[in-house]
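Trainee: whatever this is, show me its structure:
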Amino acid sequence: MEAIRTKIKTNRKESVRFLTQAKVMYKRGGVALYYRGLSCTLSGAYFAYASYFYTYERLKDDLEKYRHLSENFVPFAAAFAAGLASNAIYLPFIMVRTRMMMCKGHYDYKNLLHGAEKIARYEGFKQLYHGGPVLLTQAALETSFTFGLYEMFHQRLKPYFGKGLENQWLLAAISSFGAASLS
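Mentor: Numbers count the residues shown, from 1 in each chain. Predicted coordinates:
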């Protein structure tokens, strides 16, 4: 779906519907065209999420040592910093993935490394981070609100749930629903 959405967003000539674009892509390249850039998404997500959760847990633990900080502030601050760190890692993967999905001439990269190498060599290393400040800020704010609100809901609702696994699942589901809805 991401490949179809990217093709629709980069079409400057006309407005195209989702199913129409899906059919055009299938005619041009078959099912494989829907999966261009998937290697970038999978490998980038691994590194980005690993760095996110490491940074989040580390900062949360470090910030909780400062008693003068509000317990509600800590998850927001830790999630914001973790969002910046993880998306700084993920941004080059997104750049190559988006270009792979576009399939236009010199953007026809064979894989992640080939794409990153071509961008760095012919356009400069900075191009791998093109649009970075906007994405980093937006993603960091979104994750900080989502995780901060999740932690807040979770802590406030925890006394109303038992210790069983089904109760913990329900607590997590309600907390995440509330956090996602508000953020």
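Trainee: where do the helices sit along the protein?
Mentor: Here the chain has its helices, by DSSP state H, at 2-10, 18-29, 38-64, 73-102, 112-123, 132-157, 165-182.
Trainee: and the fifth one, what does it pack against?
Mentor: Okay, so that is helix 112-123. Helices and strands touching helix 112-123, by 3 or more C-beta pairs under 8 Å, 6 or more residues apart in numbering; DSSP states H and E, are helix 38-64, helix 73-102. Yep, even glycine has a C-beta here, placed from its N, CA and C like the rest.
Trainee: wait, isn't Thr6 in contact with Thr98?
Mentor: Yes. Using C-beta atoms under 8 Å, Thr6 is in contact with Thr98, at 5.8 Å.
Trainee: picking that back up, tell me which of the helices of the chain sits most buried.
Mentor: Counting by mean count of other C-beta atoms under 10 Å, helix 73-102 has the highest mean neighbour count of those, with a mean of 22.
Trainee: what mean pLDDT does that helix have?
Mentor: Over the span of helix 73-102, the pLDDT mean works out to 88.
Trainee: same deal with stretch 32-45?
Mentor: Computed over stretch 32-45, the average pLDDT equals 80.
Trainee: run through who's touching it.
Mentor: 2-4, 22, 25-26, 89-90, 92-94, 96-98, 100-101, 103, 111-112, 115 (C-beta atoms under 8 Å, 6 or more residues apart in numbering).
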